[in-house]
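Trainee: just coords:
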């Protein structure tokens, strides 16, 4: 039997194991999209250092010291080091994650620029603005 037979058909994402060890009949896809701006993102990633993410300036700018658990005490995530940017391949889902976060930034910025108070940016108002937001991200249009 194979994936076109009547016995089974399994669909899965890249998160399910190694394609070479999967049984016959599995259709696997990779939810990655790399738009025209993706090479710029790769170049930015390769030029980053730990200091850019968790250094003193980053901690002040992004209010990282306001987390309930200080970064130094976090045990669930590995520490951010220069090696992360030098040796770790960018995960395939990164373009969608980056663009999803950026979509919120675009929507919130539009609402703030229209005079909406920050405390009012939530629920239906934010959802409606997200639906109207258009931009070219690293995954494409």
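Mentor: Cool, the structure landed. Computed from a prediction, not measured in an experiment: that's the story for all the values here.

Trainee: just give me the neighbour total for the residue lying closest to residue 48 once chain neighbours are set aside.
Mentor: Spatial nearest neighbour of residue 48, excluding adjacent residues (CB to CB, 6 or more residues apart in numbering): residue 85 at 4.6 Å. (Glycine included, C-beta is placed from N, CA and C.) Neighbours of residue 85 under the rule other CB atoms under 10 Å: 18.

Trainee: pretty sure residue 85 is touching residue 49, no?
Mentor: Yes. Using CB atoms under 8 Å, residue 85 is in contact with residue 49, at 6.7 Å.

Trainee: that older thread, output the contacting helices and strands for the helix or strand harbouring the residue nearest to residue 48.
Mentor: Here residue 85 sits within helix 82-87, counting by DSSP states H and E. Under the contact criterion of 3 or more CB pairs under 8 Å, 6 or more residues apart in numbering; DSSP states H and E, helix 82-87 touches helix 38-47, helix 50-54.

Trainee: mean neighbour count and mean pLDDT added to those helices, as CSV?
Mentor: Supplementary listing: the helices and strands packed on helix 82-87 in CSV, determined by neighbours: other CB atoms under 10 Å; pLDDT from 0 to 100:
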stretch, mean neighbour count, mean pLDDT
helix 38-47, 13, 90
helix 50-54, 15, 93
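
Trainee: make CSV out of those and add distance to residue 69.
Mentor: Shown next, in CSV, are the helices and strands packed on helix 82-87 (distance: least, CB to CB, whole Å):
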stretch, distance to residue 69
helix 38-47, 26
helix 50-54, 14
